[in-house]
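Colleague: Next comes the sequence, and after it the predicted model I'd like to discuss.
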Amino acid sequence: MDCYTILKKEWDRWVGNIHNLLVYTIILLLPRPYEKCMCRKHYLNWYYNTNTEGDSPSKIRLEKFAQRGEPPHRNFPQNLKSKIQNRDMANKTLGLSTQLYDYLLSVSLREPEILTKLRQETAQLPMGKMQIAPEQGQFMALLVQLMAAKKTLEIGVFTGYSTLVVALALPKDGKIVACDVSEEYTAIARRYWQQADVDHKIDLQIAPALETLDGLITAGSSDSFDFAFIDADKSNYDGYYERALQLVRPGGLIAIDNVLWSGQVADPQVKDNRTEKIRALNQKLHNDQRINLSLVPIADGLTLAVKHP
Ligand SMILES: C[S@@+](CC[C@H](N)C(=O)[O-])C[C@H]1O[C@@H](n2cnc3c(N)ncnc32)[C@H](O)[C@@H]1O
């Protein structure tokens, strides 16, 4: 290569770099239209509505976007896009790379076939991501066995995965009071409980869970449950916790799901009702002298609270 060619190459490289620098500077200096004219709240509303536990009025209209995992606007802010992707991952343990998550499952998950089938069927539903992660299910089964639990509470059944996990871990005479408001989702649950031959252990109550829990307290079931799992609508989490605390026996365990809420709880910019409710409950649990606690960063965050004797 002669001297001229080398100089020409160097020159081209510098011109290229300066060109790129100019372009990036112009892009950075340009006003960002979405910050000015797009309603951030609208998009956050869309985002939360597509991830809700109950049916929201806008759910059906927005479901097609949720199914695609795409926001309804191509200029959707990138930082919120990544939050959606994270939110979509809430039924896997947060913060792990795909490679590490797959490894974790490959060396630890022992999911019975019936649970795998239920997970596959639920994954086809638009709201399928509400189901707990399989590694969380296995962890809960281990806890229930460790405590030799016999009587448990399930608040938020959906298609029945967590209930089935616990039912399989309970002894033959074990009992679960399971609360949900949806006939549609729990019809799937019932089908799998029957197939797994654990339906006799499960007393499914279709009613707002607060009513069912209050009914149990009135009927004299306080201090009688070994374990309670809270995974229904987040706005009532505090009410579920207070009732569960009354219903579990001293030394009994309450497991509260989604306490990390895809990281939203740690983002001061997120101020929607459900995030605030989870934040407030996390804070309350931290100071609550009636329990011992541990926040386990499995799946979407699972707080374990043991009732003091
Ligand atoms: C996150 S899902 C539960 C997931 C389930 N634990 C699993 O393993 O698949 C929440 C469930 O709570 C139910 N739910 C919402 N509001 C409720 C309420 N007020 N009372 C009882 N259940 C409610 C929904 O119908 C939904 O099935």
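Modeller: Happy to help now that I have it. Quick caveat, the model's predicted, so the values are computed rather than measured. Numbering: from 1, shown residues only.
Colleague: Run through the helices of the protein in chain order.
Modeller: 3-29, 33-37, 40-49, 59-68, 78-88, 98-108, 113-123, 134-146, 161-169, 183-195, 209-218, 237-247, 273-287 (DSSP state H).
Colleague: wait, which of the ones you listed is closest to residue 305?
Modeller: Nearest to residue 305 among the helices of the chain is helix 273-287; the distance by CB to CB comes to 6.2 Å. From N, CA and C alone the C-beta is placed, and that goes for glycine too.
Colleague: What are the buried residues along that closest one?
Modeller: If you call a residue buried by 16 or more other CB atoms under 10 Å, then helix 273-287 has these buried ones: 274-275, 277-279, 281-282, 285.
Colleague: what's the answer for stretch 188-207, then?
Modeller: Here stretch 188-207 shows 188-190, 192-193, 196, 198-199, 201-202, 204-205 as buried, counting by 16+ other CB under 10 Å.
Colleague: Export the residues you listed to a markdown table and append columns for distance to the ligand and pLDDT.
Modeller: Converted to a markdown table, those look like this (distance: CB to the nearest ligand atom, whole Å; pLDDT from 0 to 100):
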| residue | distance to the ligand | pLDDT |
| --- | --- | --- |
| 188 | 10 | 98 |
| 189 | 8 | 98 |
| 190 | 13 | 98 |
| 192 | 11 | 98 |
| 193 | 13 | 98 |
| 196 | 14 | 98 |
| 198 | 14 | 98 |
| 199 | 16 | 98 |
| 201 | 16 | 98 |
| 202 | 13 | 98 |
| 204 | 11 | 98 |
| 205 | 9 | 98 |
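Colleague: from these, which single one is nearest residue 8?
Modeller: Nearest to residue 8 among the buried residues of stretch 188-207: residue 188, at 68.6 Å, using CB to CB.
Colleague: tell me the most buried of the helices of the chain?
Modeller: helix 161-169 (a mean of 25; mean count of other CB atoms under 10 Å).
Colleague: Contact distance from the ligand - what residues of this structure qualify?
Modeller: Contact residues, the chain versus the ligand (CB under 6 Å from any ligand atom): 53-54, 130-132, 156-159, 161-162, 179-182, 185, 208-209, 231-233, 236.
Colleague: low pLDDT regions in this structure?
Modeller: 1, 27-90 (pLDDT under 70).
Colleague: Tell me how it divides into domains.
Modeller: The chain breaks down by automatic domain parsing into domains covering 3-91, 98-307.
Colleague: among the residues of the chain next to the ligand, which ones are buried?
Modeller: Neighbour counting over those (16+ other CB under 10 Å) leaves 53, 130-132, 156-159, 161-162, 179-182, 185, 209, 231-233, 236 as the buried ones.
Colleague: re the thing from before, and which of the buried residues of helix 273-287 is nearest to the ligand?
Modeller: Of all the buried residues of helix 273-287, residue 274 has the smallest distance to the ligand: 11.6 Å, by CB to the nearest ligand atom.
Colleague: Apart from its chain neighbours, what residue comes closest to that closest one?
Modeller: Counting by CB to CB, 6 or more residues apart in numbering, the nearest residue to residue 274 once its immediate chain neighbours are dropped is residue 234, at 4.1 Å.
Colleague: hang on, that neighbour packs against residue 279?
Modeller: No. Using CB atoms under 8 Å, residue 234 is not in contact with residue 279; the gap is 10.4 Å.
Colleague: How far does stretch 220-233 stretch from one end to the other?
Modeller: End-to-end distance of stretch 220-233: 25 Å, with CA to CA, to the nearest Å as the criterion.
Colleague: Buried residues of that stretch, list them for me.
Modeller: Buried, per 16+ other CB under 10 Å, within stretch 220-233: 221, 225-233.
Colleague: show me the contacts for the residue nearest to residue 274.
Modeller: For residue 234, the contact set (CB atoms under 8 Å, 6 or more residues apart in numbering) comprises 53, 258, 261, 274, 277-278.
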